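>>> predicted model and sequence below, questions to follow.
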Amino acid sequence: MTTLGPGANAPVATGQAQVEISYSPIPGADIDVSAFVLGATGKVRGDTDMCFYGQTTVLGGTVQMTESSAGRAVFTLDLSRLEAVVEKVALTATIYENKASFDRVSHLALTVTGGIEAQIPTTGMKETALILGEFYRRQGEWKFRCVAQGFAGGLEPLAKHFGVEVAAPAPVVTPVPAPAPAPVPVAAPKPSVSLSKITLDKTRSSISLEKTSEGFGEIKVNLNWNKGKGGGGFFARNTSIDLDVGCLYELQDGSKGVVQALGNCFGDLDYEPYIQLKGDDRTGAVSDGEWLHINGKHWGNIRQVLVFAFIYKGAPNWRETDGVVTIHVPGQPPIEVRLNEEGGRQGMCAIALLENVGGGVKVSRRVDFHNGHSAMDKAYGWGMRWAAGSK
């Protein structure tokens with residue numbers, strides 16, 4: 001193992017590379033890790049050169065964030081596929097909404113394919129953003145450098161530093177009647193990326209998304225979790241608990257059902273119910289957790305969807321799973337619901353309710369716990385009959 005301090009570098013093989021960022025979480029503050037693909041000027045060429053929680057795959061999969069959970073993030077890069085104009089790929093960490101500074105992070109380290117490790121010293125670091133390290137070209141070969149450079153202000157100024165156009169929040173405007181001006185040609189607006197994400201909690205329990213002319217596209221619901229503590233180290237994935245995502249659905253014609261791995265009810269995207277479970281992670285080996293997809297083109301056929309998670313195997317302890325469900329709607333900020341606030345010890349958790357309200361999507365946080373499918377069904381009045389199943 002080659003250990004790098006700030007400013008030190010080591011060669012890496014051209015081809016597939018993986019970098020794992022591990023850190024000690026800060027209670028009440030999220031740490032977000034991002035990658036910026038940079039040219040000779042140290043700037044991105046466009047917003048598609050930024051890989052972060054709202055855009056986890058860029059450049060046709062050449063750079064991907066394959067895992068992002070409390071205490072751990074993983075990026076994969078294919079250095080051989082990066083265009084010749086790309087000089088660097090910078091890895092950064094920021095504290096969301098500047099709720100703390102990095103001196104509260106006792107452990108922060110990077111591990112790179114090929115036996116490279118970089119420990120980031122955080123003692124006394126008052127910044128809320130960090131450039132952790134970078135892959136860079138030198139005489140046609142790739143190297144990795146530990147940077148460990150503090151940066152004030154969080155993700156937005158850091159993104160702007162790298163040349164990313166950041167979307168500003170829409171201002172509230174009071175309309176004033178006025179004669180319509182003569183139309184004048186204007187340049188097309190430069191694309192910008194939204195750095196916002198929405199967390200539904202006790203203070204903000206719901207959000208409504210209006211339907212656009214393009215519709216909603218494919219709505220993706222991700223369930224992820226980490227081990228927290230026990231065998232395998234503090235930051236290991238929870239392989240001792242089989243945590244499953246699923247949903248109850250009701251269509252506009254009144255038909256109801258369930259999509260889940262239990263009973264092999266995986267659903268279908270192109271036909272009713274227009275909802276599909278993309279596989280079942282029984283071992284915890286799948287780094288990005290489990291995915292439930294909803295075909296937004298058929299959202300008009302769906303009345304409501306209740307997203308749930310249940311512990312199929314293992315002792316119920318939601319607080320230790322540190323589970324999080326993230327709902328990705330194309331063109332919208334990610335919507336996040338954490339499962340461990342109440343730390344219930346019942347095996348079933350109703351997480352979020354997606355309702356068709358006037359063609360839009362209303363997402364409401366639930367996070368209530370039940371003894372099983374039948375008890376949750378009764379609580380929400382779904383009216384289905386349940387029998388024991390297996391997978």
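Happy to help now that I have it.

>>> in what helix or strand does D377 lie?
Assigned by DSSP states H and E, D377 belongs to helix 373-380.

>>> same for that helix, what does it pack against?
The contact analysis (3 or more CB pairs under 8 Å, 6 or more residues apart in numbering; DSSP states H and E) places helix 373-380 against strand 242-251, strand 302-313, strand 348-357, strand 360-370. Just so you know, the C-beta spots here come from the backbone N, C-alpha and C atoms, and that holds for glycine as well.

>>> tell me which of those is the most buried.
Ranked by mean neighbour count, these are led by strand 242-251 with a mean of 23 (mean count of other CB atoms under 10 Å).

>>> got the contact list for the most centrally placed residue in the chain?
The residue lying closest to the centre of the chain (CA atoms, centre = their mean) is Y53, at 4.6 Å. By CB atoms under 8 Å, 6 or more residues apart in numbering, Y53 lies in contact with D32, S34, M65, S68, K197, T326, P334.

>>> what distance do you get for the fifth one to E165?
Taking CB to CB, to the nearest Å as the measure, K197 falls 18 Å from E165.

>>> equivalent analysis for the last one, please.
Taken as CB to CB, the spacing of P334 relative to E165 amounts to 19 Å.

>>> out of the helices and strands in this protein, which is least certain?
Within the chain, confidence by mean pLDDT, DSSP states H and E is lowest for helix 318-321 among all helices and strands, at a mean of 79.

>>> could you list the low-pLDDT ranges of the stretch 101-250 of the chain?
Scanning the stretch 101-250 of the chain for pLDDT under 70 picks out the ranges 168-191, 226-240.

>>> all strands for it, in order.
For the stretch 101-250 of the chain, applying DSSP state E, counting those that start in this stretch gives strands covering 108-112, 116-119, 129-138, 141-151, 198-199, 206-209, 218-224, 242-251.

>>> now do the first one: which elements does it pack against?
Under the contact definition 3+ CB pairs under 8 Å, 6+ apart, strand 108-112 sits against strand 16-23, strand 116-119, strand 129-138.

>>> hang on, the earlier thing: just give me how far the helix holding D377 sits from the chain centre.
Helix 373-380 has its C-alpha centroid displaced from the chain centroid by 29 Å (CA atoms, centre = their mean, to the nearest Å).

>>> would you mark the buried spots in it?
Neighbour-count burial for helix 373-380, counted by 16 or more other CB atoms under 10 Å, picks out H373, M376, D377, Y380.

>>> what's across from I335 in the sheet?
I198, I327 (DSSP bridges).

>>> now do E250
Beta-bridge partners, per DSSP bridges, of E250: K256, Q304.

>>> wait, it sits on N301?
No - with contacts counted by CB atoms under 8 Å, E250 stays clear of N301, the gap being 10.7 Å.

>>> got the domain ranges for the chain?
For the chain, the structural domains run 2-161, 198-380, going by automatic domain parsing.

>>> format these as CSV; extra columns: distance to W386.
Shown next, in CSV, are the domains of the chain (distance: least, CB to CB, whole Å):
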stretch, distance to W386
domain 2-161, 31
domain 198-380, 5
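
>>> between the ones you listed, which one is closest to S192.
With CB to CB, the closest approach to S192 among the domains of the chain belongs to domain 2-161: 6.5 Å.

>>> what's the first-to-last distance across the closest one?
Across domain 2-161, the terminal residues are separated by 30 Å (CA to CA, to the nearest Å).

>>> now do stretch 327-345
24 Å.

>>> could you do stretch 251-267 as well?
13 Å.

>>> buried ones in it?
Across stretch 251-267, burial judged by 16+ other CB under 10 Å covers L251, G257, V258, V259, Q260, A261, L262, F266, G267.

>>> out of those residues, which sit inside strands?
L251, G257, V258, V259, G267 (DSSP state E).

>>> check contacts around the third one.
By CB under 8 Å, 6+ apart, the contact list for V258 reads G246, C247, L248, Y249, C265, H373, M384.

>>> nearest to G215, of these?
Closest to G215, out of all of those and judged by CB to CB, is Y249, at 18.3 Å.

>>> got a list of what that closest one touches?
Contact analysis of Y249 by CB under 8 Å, 6+ apart lists K256, G257, V258, V259, P273, I275, I302, Q304, V305, L306.

>>> roughly how far apart are the first one and T76?
Yep, that's K256 we're talking about. To T76, K256 is 40 Å away according to CB to CB.

>>> ok, the last one next?
Taking CB to CB as the measure, L306 falls 34 Å from T76.

>>> A strand includes E67, no?
Yes - judged by DSSP: H, G, I helix; E, B strand; the rest coil, E67 forms part of a strand.

>>> residues contacting it?
E67 sits next to A73, V74, N224, S287, D288 when contact means CB under 8 Å, 6+ apart.

>>> who does it bridge with?
Going by DSSP bridges, E67 forms beta bridges with V74.

>>> and the gap between it and D47?
From E67 over to D47 the distance is 22 Å, taken as CB to CB.

>>> next: T57.
14 Å.

>>> the two: which is more packed in?
D47 (19 against 14; other CB atoms under 10 Å).

>>> just send the helices and strands packed on strand 108-112 back as JSON lines, with mean neighbour count and distance to D201 too.
Shown next, in JSON lines, are the helices and strands packed on strand 108-112 (neighbours: other CB atoms under 10 Å; distance: least, CB to CB, whole Å):
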{"stretch": "strand 16-23", "mean neighbour count": "19", "distance to D201": "22"}
{"stretch": "strand 116-119", "mean neighbour count": "20", "distance to D201": "33"}
{"stretch": "strand 129-138", "mean neighbour count": "21", "distance to D201": "24"}
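
>>> so which of those strands is nearest G150?
Among those, strand 129-138 comes nearest to G150, with 5.9 Å by CB to CB.

>>> neighbouring strands for that closest one, and are they parallel or not?
If you go by DSSP bridges, strand 129-138 pairs up with strand 88-95 (antiparallel), strand 141-151 (antiparallel).

>>> can I get those strands in CSV with distance to G344 and mean neighbour count?
Converted to CSV, the strands paired with strand 129-138 look like this (distance: least, CB to CB, whole Å; neighbours: other CB atoms under 10 Å):
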stretch, distance to G344, mean neighbour count
strand 88-95, 28, 24
strand 141-151, 39, 19
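
>>> fine by me, we can end here.
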